[in-house]
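Q: Predicted model follows, preceded by the sequence.
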Amino acid sequence: MTQVASPLRKRASSKMKRRMTHSITVPGDGPNVPQLSRRIPVPDVPVWPILSAAAFLEERTSSMPSVLSAGHSVYVTAGRIAIGLALRLAGVAPGDKVLLPAYHCASMVDPLSCVSASPVFYRLNEDLSVDLEDIARKVDASTHVLIAVNYFGFPQDLETLRKFCDDHHLVLIEDCAHSFFGEFAGRPLGSYGDYAIASLTKFFPVKEGGCLISADPEARKLLRRARGPIAGLRQGFSAIEDAVYHDRLATLRPLVQAIQQARRLRPRPKSSPKSQGVDGPADMRSGVSEDFDPRWLEVKASGISMWISRNVSTGRIARRRRDFFGRMLAHFTAHRGCRPLITELPEGVVPYMFPLWVDDLSTVFPVLEDRAAPMQRFGQFLWPGVDENLCRTSVGFSKHLIQLPCHQDLREDELDWVLETVSSVIASSRRRGRPPARA
Ligand SMILES: Cc1ncc(COP(=O)(O)O)c(C=O)c1O
């Protein structure tokens, strides 16, 4: 492997002060709920797509379809808001049951509150496919909706799922938060569901946004409010600020620093983690707070987020994500102490992130956080009641899976640094965990 620049050297070259955040994981046997715990550095390598000139100029178009070709689309402020709208449009009534996968994040469950529905969690198989036998056992007269996820960009068996929903009179919401692009059996992802939802921040260099896709051209009438120009400017500035922090758009650095300086001089309304110069948890990036707020259900995404997501080069997104995923697969296959959860990259898939199973994640994770490794831990905190009896596989994913970025805006040196850092942390944890040699 090539010599990899340390993140600290990179930070020195970018002349931007290192941002700090809080971990939401309590190391050891802490409670299984997110909690602001120790301070950790914000990764130098961007976890999410990031603005650059190349994002608009290279490989403008792609032959890979997107969810937008699956029906009429409506742009909202987040994927979770699109789930809430889909539940409303599906006519879910108070007390109805909604089937959700046992491997999930809170932002998939929170929207049920806007229709007062109850979640019923179903099992997954080890390859992340839905367990239809378990679902069949759980369907009753008050079950109206099934939400299924194309995890990490990889489609479920959508033809079978569609037929199952038809046979059981269930509305299918295809959760494409991880699969904005891609196809299954010749049809775009998102086209098998009665409704599909997508999340813009995971595929485009924007700070908020989600889509609801449906056959209903009238769905857009539900959005009665637009975000004002100030909100749009904030979104745009925040995307540029992130780009500069991550060593992109260098010509805009003086401008960004001047605006940051002016902001620091402005009086702060009240004390919060952010006002103390600390970012909130990484997941609080979108236009909505971590808790689901139904007022956002009638608000359109800002013009800037829509414009960026419609104008970045889609060919570049698809090709680079596939390339980087392939490189990660080659690197971690046969690596000790971890294994790629998905071992093939079929045609028609545009991956979201690279899911890696780490044997000793409880030891490795805090070390990776301290080393500023860019990563996510989807499904780390499962909804109360989702335990090994309900789905052993999902609990295993929640305790052992991290996801590494493979997005289009990573640079080669950054990818090399991620691979080397994650490898070396896993290897040293293995060495420490080995029983001492006998004398
Ligand atoms: C599978 C899945 N569905 C829905 C969502 C909600 O998307 P958003 O963060 O845009 O609200 C997420 C967010 O991580 C997700 O991973």
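A: Ah, there it is.
Q: only C-alpha atoms for contact and neighbour calcs from this point on.
A: Fine.
Q: quick one: the strands in the stretch 1-150 of the chain?
A: Using DSSP state E, counting those that start in this stretch, the strands of the stretch 1-150 of the chain run over 20-22, 39-41, 72-76, 97-101, 118-122, 143-149.
Q: Only the buried residues of stretch 82-95, if you could.
A: 82-88, 90, 92 (16 or more other CA atoms under 10 Å).
Q: residue of the stretch 301-439 of the chain with the smallest distance to the ligand?
A: Across the stretch 301-439 of the chain, the shortest distance to the ligand (CA to the nearest ligand atom) belongs to residue 378, at 6.5 Å.
Q: Surely that residue and residue 402 touch.
A: Yes - counting by CA atoms under 8 Å, residue 378 touches residue 402, with 7.3 Å between them.
Q: between these two, which one's more packed in?
A: When residue 378 and residue 402 are compared for neighbours, residue 402 comes out ahead with 22 against 18, by other CA atoms under 10 Å.
Q: The residue in the stretch 151-300 of the chain that the ligand sits nearest to bridge partners, please.
A: The minimum distance from the stretch 151-300 of the chain to the ligand, using CA to the nearest ligand atom, falls at residue 199 (4.1 Å). Residue 199 has these beta-bridge partners by DSSP bridges: residue 210.
Q: ok, now which ones touch residue 61?
A: By CA atoms under 8 Å, 6 or more residues apart in numbering, residue 61 lies in contact with 313-316.
Q: Looking at those, state which has the most neighbours.
A: residue 314 (25 neighbours).
Q: pretty sure it is touching residue 62, no?
A: Yes - look at residue 314 against residue 62 with CA under 8 Å: they come within range, at 5.4 Å.
Q: Neighbours of residue 186, how many?
A: For residue 186, the count of nearby residues is 9 (other CA under 10 Å).
Q: follow-up on the earlier one: pick the one among the buried residues of stretch 82-95 closest to residue 18.
A: Distance to residue 18 across the buried residues of stretch 82-95 (CA to CA) is lowest for residue 82, with 34.0 Å.
Q: Contacts only, for that closest one.
A: 76, 197-198, 210-212, 297.
Q: Could you list the domains of this protein?
A: Following automatic domain parsing, one gets these domains for the chain: 7-59+313-432, 67-222, 228-269.
Q: First-to-last residue distance for the second one?
A: What it means is domain 67-222. End-to-end distance of domain 67-222 (CA to CA, to the nearest Å): 20 Å.
Q: So which bits of the stretch 201-350 of the chain are right by the ligand?
A: residue 210 (CA under 6 Å from any ligand atom).
Q: For this protein, which helix extends over the most residues?
A: When the chain is parsed with DSSP state H, its longest helix is helix 412-433.
Q: Now that one: average pLDDT?
A: Helix 412-433 comes out with an average pLDDT of 93.
Q: From the contact counts, what lies against that helix?
A: On a contact count with 3 or more CA pairs under 8 Å, 6 or more residues apart in numbering; DSSP states H and E, helix 412-433 meets helix 314-332, helix 361-370.
Q: right, and the helix or strand after the longest one?
A: Elements were assigned by DSSP states H and E; along the chain past helix 314-332, the next helix or strand is strand 338-340.
Q: Show me how far that next one is from its chain's centre.
A: 20 Å (CA atoms, centre = their mean, to the nearest Å).
Q: now stretch 356-364
A: 20 Å.
Q: could I get stretch 256-263 in PDB with only the CA atoms?
A: The C-alpha coordinates for stretch 256-263 follow below in PDB (Å, rounded to 0.1, in the frame of the first residue of the first chain):
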ATOM      1  CA  VAL A 256     -15.900  31.000   4.700                       C
ATOM      2  CA  GLN A 257     -13.500  32.000   7.400                       C
ATOM      3  CA  ALA A 258     -14.700  35.600   7.300                       C
ATOM      4  CA  ILE A 259     -18.300  34.500   7.700                       C
ATOM      5  CA  GLN A 260     -17.400  32.200  10.500                       C
ATOM      6  CA  GLN A 261     -15.600  35.000  12.300                       C
ATOM      7  CA  ALA A 262     -18.600  37.300  11.900                       C
ATOM      8  CA  ARG A 263     -20.800  34.600  13.300                       C
END
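Q: secondary structure element for residue 259?
A: Counting by DSSP H and E, residue 259 is found in helix 253-265.
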